[in-house]
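>>> need a 3D model of the sequence below.
(chains A and B, ligands or ions: 2)
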Amino acid sequence: MTTTTGPTKVTGAVGAAHTRVEGRDKVTGAARYAGEIPFADLAHGWLVLSTIARGRVTSVEAEPVLAMPGVLTVLHHGNAPRVDVDYQGLLGSPDPVVGVFQHDRVPFAGWPVALVVAETSEQAREAAESLVVHYDQEPHDIAFSAAHPGSYTPEADGMRTQKGDLEAQLAASTHVVDAEYTTPEEHHSPMEPHAATARWDGGRLDVVDSNQGSSWVADELSKVFSLDPGSVRVRSEHVGGAFGSKGLRVHQVLAAMAATVLDRPVRVVLTRRQMFSLVGYRSPTTQRVRLGAEPDGRLRALDHQGLSLSSTIHEFIEPSAGFGRPMYDADAHHTHTRVVRLDVPTPTWMRAPGEAPGSFALECALDELAEKCGVDPIALRLRNEPEVGPVSGLPFSSRNLSGCFEEGARRFGWAERDPRPRVRREGRWLIGTGMAAATFPVLVGPATAGVTAEADGTFTVRIAAADVGTGARTALTLIAADALEVAPERIRVRVADSDFGFAMIAGGSMGTRSWGWAVTAAARELRDKLVPGGDIPAEGITAKADTGALLGTLAQKERHSYGAQFAEVAVDVASGEVRVRRMLGIFAAGRIINPLTARSQLTGGMIWGLSMALHEEAVRDQATGAPVGPDLAGYHVAAHADVPHIEADWVDDPDPDDPVGIKGIGEIGIVGAAAAIANAVWHATGVRHRNLPIRPDRVIEDRATEAGGSGA
Amino acid sequence: MAPSTSSALTLNINGEKHTLTVDHRTTLLDALRERLDLTGTKKGCDQGQCGACTVLMDGRRAVSCLQLAVAAEGREITTIEGVADGDRLHPVQQAFLDLDGLQCGYCTPGQICSALGVIQEHAAGWPSAATTDVRPEAGVPELTAEEIRERMSGNLCRCGAYVSIVQAVAEAARAEEESA
Ligand code: FES
Ligand code: FES
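Ligands and ions are numbered 1, 2, ... in the order given. Down below sits the predicted model:
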């Protein structure tokens, strides 16, 4: 069949609400995630993790386990095939934990020591739980604190910025804030546990996985197993949440290793508890912020120092001190990031790495400064708006933070706020409101996309994008529709197959921007190829685009999204309970492709901020070095009853240098949200909470001190 | 003779009988997902903490990861695959889709099954911790957002789709009430 390209031009898909194109599959249970694709002759792997935090594996008693029903093999450091983790991937060298079973060292509690593979998951699980592993245990150090003698400044770029004479400006300041803030270890905890099935198919390693970038994971796997890049295929059609945790992890390597050894398909699914040791997490931070200001709140000095931890085997940096660099100007502006290495798993990127904890510290410190100066917190921030990047001196691509404040203040009713703390009470509840600002960098990465005009008049877009719940598939449908000037119903977007070529990952809020750019470029190419009224052959007409070269020509600018967060809380100081009553976030975050899903993503981020402010805290046992209660009962993430009505909206702020105007919205929702809540808790109670989460035991006041209420 | 470690049983799922032999350790959740290819029911924790595996058993909500398959014989089980009427989505499903009560979608089948349970429990007059007046004569409490949040709290959503999930449940409950 042939058909002609239609003459009717349709645009306006971008910016109009559209339900998720895969939504029907998701509400009917038809959408299959990584662990749900059936394979004939599938075997099941179950991981065994170390119970010590530091030492050596001396022996693995595999024999009795191999005799158990259904057990096919036990892989461990004594028999595993060699793999390579000494390489540079898209985001640098891999966390060495993915080099499973290559030596006998144990660098943290929860280190993979064996994989039991059996015919059924029940058999694999029982055998794994029966496996006896002997260790030579060594003393460990997992105690994270600002005073740790081992902390250092990493060699990576941007760890330290210094403008002006800090001490002199602090000495000349009328008002000074000098405070330490801490945030705990936090875990991504996507609802879908990491899962991969691997098999050899016609000489190629074929992996069905749950990840943030299928071409990225395929490339890493090819390096780990020393294979040609073309001989690894990774697919990841539906992903049950990721938040930074779903890159190359042990499960894909283990599945591929076992599939190679057994020459049959093997699935490895991490348990919820294993995820707390194996998929990365957000490092705890201790941060010191010093602010010095004129009587009117203009900053003379801004100093932000942040310390995070990493494992002994890999350096990961949580750059919390960098948050203020594109935010506020000061005569002296210093930021400094340090790291300490402990016997713990390596942390990784987690939603707004750096900005999430960094904004908590700095945005709370600004609230403290506003109190000292007697200046409204919004006015204080506006007084310190920079003309150009405060540290870089570069111009901003666009910056509409003041628009966010204005719209947010109007909708939240900020003008009616009495700035005095602890003056509103409703029964047992003290009521307060608070605000904070947000920012996140606008980034973009290369991507290849293909667009095919099909003979039946539809179009197929192919790109190795990942839809981790962001609505990327739908956003790309709308972008392609406008670029092709057809209705979205005529577009079919296929994502998450490494065979589509390289595409930037879903991370750093750059997924939709990077992919949208490539899809727009490919659609343009295709339109050039299509002759109006011309025939389309049965195999269709395809055009491809690769944005790699284009992106290098982007001018150097300060490119960021901004936002204003508002929260109202009720605090019962007798029980210590903090209830968030409402939140409002207004964002200047580029052109919004799909208001329906964008609102979900932004409110989702704000809920992460609420969860960070009040609930999330992973605790390690100093004696064993292992996590305490590593599951969804021990690690509390916000549940329905914790979350009030939350509103997210935006002001107009298209990025002038992006073909679609996109900036990215994946992370900005969490930034500043915890600070807004902490500032509201102060406004309610008169007490500053500088350590997250704001747990009941930290809030509770005994009667003797209830009358007090100065910042402790 | 070695004791048997498996049993043949018949499960009644979405109105269909399925006869299979299962390892006694098999949970209802694994029987659905790995034996019957009903993968719509999700596994988020495998230990009763997240609600992703929620199904209806004899009309009431149950976390299928904490049920052994062998103990589910004789029960009427509804999974997400049995909620729609052929091609026609159930009003709860439609509301989740229209109001975007989902992001990654992994908690969604559990949320929807749980919502079906909530709407029924509420209609039957069951109080919750959010019910202000629990006297029998107070009648059916209004299904406020507070009530929905409290009753749905066994279903975690890490994406944070809570705001629109609550709206979707309220909308579907309203539609159901009107059509009743
Ligand atoms: S999987 Fe059953 S409650 Fe989480
Ligand atoms: S939609 Fe992702 S966990 Fe709920």
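
>>> show me what contacts residue A:503?
A:213, A:215, A:447, A:448, A:449, A:463, A:464, A:465, A:514, A:515, A:518 (C-beta atoms under 8 Å, 6 or more residues apart in numbering or on different chains). To be clear about C-beta, it is placed using only N, CA and C from the backbone, and glycine gets the same treatment.

>>> the helix or strand bottoming out on mean pLDDT in chain B packs against which elements?
Least confident helix or strand, chain B: helix B:162-179 with a mean of 93, by mean pLDDT, DSSP states H and E. Contacts defined by 3 or more C-beta pairs under 8 Å, 6 or more residues apart in numbering or on different chains; DSSP states H and E place helix B:162-179 against helix A:595-614, helix B:91-99, helix B:108-123, helix B:145-151.

>>> which of the contacts of residue A:503 ranks first by neighbour count?
In terms of neighbours by other C-beta atoms under 10 Å in any protein chain shown, the contacts of residue A:503 top out with residue A:465 at 35 neighbours.

>>> can you classify the residue in chain B that chain A sits nearest to as helix, strand or coil?
When distances are taken as C-beta to the nearest C-beta, chain B reaches nearest to chain A at residue B:40, 1.9 Å away. Under DSSP: H, G, I helix; E, B strand; the rest coil, residue B:40 falls in the coil class.

>>> the residue nearest to it when sequence neighbours are not counted - how many residues pack around it?
With sequence-adjacent residues excluded and distances taken as C-beta to C-beta, 6 or more residues apart in numbering or on different chains, residue B:40 is closest to residue A:29, at 1.9 Å. As a burial measure, residue A:29 scores 25 neighbours (other C-beta under 10 Å).

>>> ok, now residue A:321?
31.

>>> same thing with the one 10 residues further on?
The tally of other residues near residue A:331 (other C-beta under 10 Å) stands at 19.

>>> distance of it relative to residue A:291?
12 Å (C-beta to C-beta, to the nearest Å).

>>> which neighbours do those two have in common?
A:299, A:301.

>>> A strand includes residue A:193, no?
No - Residue A:193 is assigned coil when assessed by three-state DSSP, not a strand.

>>> touching, it and residue A:269? I think so.
Yes - counting by C-beta atoms under 8 Å, residue A:193 touches residue A:269, with 5.9 Å between them.

>>> and the residue of chain A that's closest to ligand 2?
Residue nearest to ligand 2 within chain A: residue A:191 (3.8 Å; C-beta to the nearest ligand atom).

>>> got the phi/psi numbers for that residue?
phi -70, psi -30 (degrees, to the nearest 10).

>>> what ranges does the stretch 301-450 of chain A have for its strands?
If DSSP state E, counting those that start in this stretch is used as the criterion, the strands of the stretch 301-450 of chain A fall at A:332-341, A:425-426, A:429-441, A:448-453.

>>> on contacts alone, who are the packing partners of the helix or strand just after the last one?
Sequence-wise, the next helix or strand beyond strand A:448-453 is strand A:459-462, with elements assigned using DSSP states H and E. Applying 3+ C-beta pairs under 8 Å, 6+ apart, one finds that strand A:459-462 makes contact with strand A:448-453, helix A:472-484, strand A:491-494, helix A:511-529.

>>> with adjacent residues omitted, what lies nearest to the residue most central in space within chain B?
With distances taken as C-alpha atoms, centre = their mean, residue B:113 lies nearest the centre of chain B, 2.7 Å away. Once flanking residues are discounted, residue B:113 sits nearest to residue B:54: 4.5 Å by C-beta to C-beta, 6+ apart.

>>> count the neighbours of that neighbour for me.
28.

>>> could you measure from it over to residue A:585?
Relative to residue A:585, and taking C-beta to C-beta, residue B:54 is found at 30 Å.

>>> residue B:121 too?
33 Å.

>>> more neighbours: those two, which one.
residue A:585 (30 against 16).

>>> so is stretch A:189-207 next to chain B?
Yes - using C-beta under 8 Å from any C-beta of the partner chain, stretch A:189-207 comes into contact with chain B via A:189, A:190, A:191, A:192, A:193.

>>> closest to residue B:173 among those residues?
residue A:191 (24.0 Å; C-beta to C-beta).

>>> ok, the closest one touching residue A:241?
Yes - using C-beta under 8 Å, residue A:191 makes contact with residue A:241 at a distance of 5.3 Å.

>>> between these two, which contacts overlap?
With C-beta under 8 Å, 6+ apart, residue A:191 and residue A:241 have common neighbours B:104, B:106, B:158, B:159.

>>> bridged to residue A:309, which residues?
Beta bridges link residue A:309 to residue A:340, judged by DSSP bridges.

>>> how about residue A:293?
According to DSSP bridges, beta-bridge pairing links residue A:293 with residue A:175, residue A:299.

>>> who's in contact with residue A:611?
A:636, A:637, A:638, A:642, B:160.

>>> identify the residues contacting the first one.
The reference is to residue A:636. By C-beta under 8 Å, 6+ apart, the contact list for residue A:636 reads A:611, A:615, A:616, A:617.

>>> ChimeraX command for the buried members of those?
Of these, the buried ones can be selected in ChimeraX as follows, counting by 16 or more other C-beta atoms under 10 Å in any protein chain shown:
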select /A:611,615,616,617
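
>>> residue A:237 reaches residue A:496, doesn't it?
Yes - the pair residue A:237 / residue A:496 is scored as a contact, 5.3 Å apart, by C-beta under 8 Å.

>>> look at the two and report which has more neighbours.
residue A:496 (28 against 22).

>>> how close does the closest residue to that one other than its chain neighbours sit to residue A:28?
Nearest non-adjacent residue to residue A:496, counting by C-beta to C-beta, 6+ apart: residue A:236, 4.3 Å away. Noted for residue A:236: a distance of 21 Å to residue A:28, by C-beta to C-beta.

>>> so where is chain B shaky, pLDDT-wise?
B:1-2 (pLDDT under 70).

>>> would you mind listing what in it touches ligand 2?
Within chain B, the residues that sit near ligand 2 (C-beta under 6 Å from any ligand atom) are B:102, B:103, B:104, B:105, B:106, B:107, B:108, B:157, B:158, B:159, B:161.

>>> ok, the closest residue to the first one other than its chain neighbours - contacts?
Going back to what we said before, that points to residue B:102. What sits nearest to residue B:102 in space, not counting adjacent residues and going by C-beta to C-beta, 6+ apart, is residue B:108, at 4.4 Å. Listed by C-beta under 8 Å, 6+ apart, the contact set of residue B:108 reads A:26, A:27, B:96, B:101, B:102.

>>> any figure for the gap between the second one and residue B:148?
The reference is to residue A:27. 18 Å.

>>> kindly report the same for residue B:160.
16 Å.

>>> please apply the same query to residue A:439.
In terms of C-beta to C-beta, residue A:439 sits 34 Å off from residue B:148.

>>> swap in residue A:619?
For residue A:619, the distance to residue B:148 - C-beta to C-beta - is 32 Å.

>>> looking at those two, which is more packed in?
residue B:148 (26 against 13).

>>> any chance of the strands of the stretch 301-450 of chain A in CSV, plus distance to ligand 2 and mean pLDDT?
Converted to CSV, these look like this (distance: least, C-beta to the nearest ligand atom, whole Å; pLDDT from 0 to 100):
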stretch, distance to ligand 2, mean pLDDT
strand A:332-341, 31, 98
strand A:425-426, 32, 97
strand A:429-441, 21, 98
strand A:448-453, 26, 98
